[in-house]
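> Sequence and predicted structure below; questions after.
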Amino acid sequence: MTTVPKEPHHVVIVGAGFGGLETAFALAGAPVRITLIDRRNHHLFQPLLYQVATASLATSEIAWPIRYLLRNRPEVTTLFANVNGVDAEGKRVLLEDGDTISYDTLILATGARHAYFGHDEWEPFAPGLKTLEDATTLRRRILVAFERAERETDPARRAALLTFVIIGAGPTGVEMAGTIADLAKDTLPPDFRNIDTRKTRVLLIEAGPRVLAGFPEDLSSYAQRALEELGVEVALGQPVTECAIDGVVYGGNKLEARTIVWAAGVRASRAAEWMKAPADRAYRLKVEPDLTVPGHPDVFAIGDTVTIAGPDGNLVPGIAPAAKQQGRYVAALIKARLSGGTLPPFRYKHAGSLAQIGKKKAVIDFGRIKLRGNLAWWIWGIAHIYFLIGLRNRLSVALSWLWIHARDQRAARLITQGSSKVTG
């Protein structure tokens, strides 16, 4: 009598960000077959996305095709598709085109998007920064603003074109503000004839009492001083109440500005809705200590999709190292389960927080060790280069940064996605 070989345990991963991809990597050698689904064909190194938006790096330096990264893993099938639901009872992932994918174990690593706190109508005027498309759109808006200012003869309209507003003073907002200031003060002045780009106004608006609220107060104060030395205006305790095509209203003041960047908040994907599971105000799914969805031990959720407390009682931050730790834990737990074992609950180990301020300064919080200034910038750069994928990308980014540091030149100042006829 012929026996039919048993199908390998089928793991479906939704999302090829840091958490999802790390899970796939860590499952190497396990008796499983893996289906990895993502709505984009590339894995993105999000911590450097703002450098694409500010013309410091090219898109190819911070993104890699998913299929390329998994080309030597025959047990992994990559699908370019959009997920719009989960049938938990039937153990199926529902795709937008009507197809379904069955699973034995499901991992939701679906990430997050920017949130406008009930004002989604602001998005066309104040785009956020989560995807390559966001970055290239912002790069276009920033560079086109200078080009239009070069041709503008009306002083008020020219001033509005040379005013850049960043809403939200977390790491992304601080890094964007400092880099735009560097671009205007150091890189662009020799390139223009009718405008002095050094007169560019960069305004960082924060509803809270300080910049980099997740950092210790001394590093936060240093970051604010460093930004102001670059010429960035910092407005604290003044929430934005209106965003429009011609500017913003904050603290009761109207400011004419043609380029607005949203860096004020994030909203998780619809994973909690798909699973009919509890979520916090940012729609992040509340998971069990082993990162499973409540009531569904065969479904994990990781990364920006979830909220969970760390050993110190504080929430695990939505950063790449946390997502990667969760991905490795889930992979180890799946392996343990397949061999009849289990693991203790997930325990997050914080490796530190980093933020760049312009091209020569940064702040780093390693807990007991805190660094600031030029040394912190070098460590920040080395850390980011280390986590890039592939020697070519590491060398390319390192050379780009050294060139910017030494010569104040950014090679990625290309305006794409259209002609010189620009609206908005």
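Received, thanks.

> neighbouring contacts of stretch 47-55?
Residues outside stretch 47-55 that contact it (Cβ atoms under 8 Å, 6 or more residues apart in numbering) are 57-59, 61-62, 129-132, 134-136, 138-139, 142-143, 172, 175-176, 179-180, 183, 261, 320, 384, 397, 410, 412-414. For glycine as for every other residue, the C-beta is placed from the backbone atoms N, C-alpha and C.

> Show me how to select, in ChimeraX, the buried members of those residues.
Listed next is the ChimeraX selection for buried residues among the contacts of stretch 47-55, using 16 or more other Cβ atoms under 10 Å:
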select :57,58,59,61,62,129,130,131,132,134,135,136,138,139,142,143,172,175,176,179,180,183,261,320,384,397,410,412,413
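
> which parts of stretch 282-302 are buried?
Going by neighbour count (16+ other Cβ under 10 Å), the buried part of stretch 282-302 is 283-285, 287-288, 291-293, 296, 299-302.

> next one: stretch 200-220
Result for stretch 200-220 [16+ other Cβ under 10 Å]: buried residues 200-207, 210-212, 215, 219-220.

> Now His42. Nearest residue, chain neighbours left out?
Nearest non-adjacent residue to His42, counting by Cβ to Cβ, 6 or more residues apart in numbering: Ala63, 4.4 Å away.

> Next up, the contacts around the one you found.
Applying Cβ under 8 Å, 6+ apart, the residues near Ala63 are 42-45, 132.

> in the chain, which spans are helices?
Using DSSP state H, the helices of the chain run over 18-26, 49-53, 66-69, 132-151, 155-161, 171-182, 217-229, 271-275, 320-338, 374-387, 391-407.

> Show residues contacting the last one.
Helix 391-407 has contacts (Cβ under 8 Å, 6+ apart) with 48, 56-57, 61-62, 64, 187, 359-360, 381, 384-386, 388, 409-412.

> any idea of the mean pLDDT in that helix?
Averaged across helix 391-407, pLDDT comes to 86.

> Next: the fifth one.
Helix 155-161 shows a mean pLDDT of 98.

> do the same with the first one
Mean per-residue pLDDT for helix 18-26: 98.

> Point out the other helices and strands that it packs with.
Packed against helix 18-26 by the contact rule (3 or more Cβ pairs under 8 Å, 6 or more residues apart in numbering; DSSP states H and E) you find strand 9-14, strand 32-38, helix 320-338.

> which one of the ones you listed is the most hemmed in?
Highest mean neighbour count among the helices and strands packed on helix 18-26 (mean count of other Cβ atoms under 10 Å): strand 9-14, with a mean of 24.

> Quick check, pLDDT for Arg372.
Arg372 carries a pLDDT score of 97 in this model.

> Next: Ala412.
pLDDT for Ala412: 71.

> which ones are touching it?
For Ala412, the contacting residues are 52, 55-58, 139, 400, by Cβ under 8 Å, 6+ apart.

> Tell me which two of those sit farthest apart.
Across the contacts of Ala412, no pair lies farther apart than Arg139 and Ser400, at 14.5 Å, counting by Cβ to Cβ.

> do you know how far the residue positioned nearest the centre of the chain is from Leu375?
Residue closest to the average C-alpha location in the chain (Cα atoms, centre = their mean): Gln46, at 4.0 Å. Distance from Gln46 to Leu375, counting by Cβ to Cβ, to the nearest Å: 25 Å.

> which other residues reach stretch 191-202?
Outside stretch 191-202, the residues that touch it by Cβ under 8 Å, 6+ apart are 146, 149-151, 158-159, 162-164, 166, 177, 180-181, 184-185, 188-189, 230-233.

> Now do the buried residues in it.
Within stretch 191-202, the residues that count as buried by 16+ other Cβ under 10 Å are 195, 197, 200-202.

> From these, pick the one nearest Thr23.
The nearest one, if we look at these relative to Thr23 and count by Cβ to Cβ, is Val202, at 39.0 Å.

> quick one: that closest one from Gln238, how far?
Remark: distance between Val202 and Gln238 (Cβ to Cβ) = 16 Å.

> next one: Thr23
According to Cβ to Cβ, Thr23 stands 41 Å off from Gln238.

> Which one's more surrounded, those two?
Applying other Cβ atoms under 10 Å to Thr23 and Gln238 shows that Thr23 carries more neighbours, namely 30 against 14.

> So which of the helices of the chain is nearest Arg92?
Ranking these by proximity to Arg92 (Cβ to Cβ) places helix 271-275 first, at 11.3 Å.

> Which elements pack onto the closest one?
Counting contacts by 3+ Cβ pairs under 8 Å, 6+ apart, helix 271-275 is packed against strand 83-87, strand 105-108, strand 285-286, strand 296-301.

> Going by neighbour count, which residues of it are buried?
For helix 271-275, the buried set under the neighbour-count rule, 16+ other Cβ under 10 Å, comprises 271-272, 274-275.

> Same question for stretch 110-129.
Quick answer for stretch 110-129 (16+ other Cβ under 10 Å): 110-116, 122, 125-129.

> just stretch 91-108 next, same as before
91-95, 101, 103-108.

> Please convert these to a markdown table, extending it with distance to Val316 and pLDDT.
Compiled in a markdown table, the buried residues of stretch 91-108 are given as follows (distance: Cβ to Cβ, whole Å; pLDDT from 0 to 100):
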| residue | distance to Val316 | pLDDT |
| --- | --- | --- |
| Lys91 | 27 | 98 |
| Arg92 | 29 | 98 |
| Val93 | 25 | 98 |
| Leu94 | 28 | 98 |
| Leu95 | 30 | 98 |
| Ile101 | 28 | 98 |
| Tyr103 | 25 | 98 |
| Asp104 | 26 | 98 |
| Thr105 | 22 | 98 |
| Leu106 | 21 | 98 |
| Ile107 | 17 | 98 |
| Leu108 | 16 | 98 |
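
> which one among these gets closest to Lys324?
Nearest to Lys324 out of the buried residues of stretch 91-108 is Ile107 (Cβ to Cβ; 13.3 Å).

> which ones are touching that closest one?
11-14, 20, 23, 299-302, 330.

> got the contact list for the nearest residue in space to Val330 that is not next to it in sequence?
Spatially, and ignoring its direct neighbours in sequence, Val330 is nearest to Phe300 (4.8 Å; Cβ to Cβ, 6+ apart). Taking Cβ under 8 Å, 6+ apart, we find Phe300 in contact with 105-108, 287, 291-293, 330, 333.
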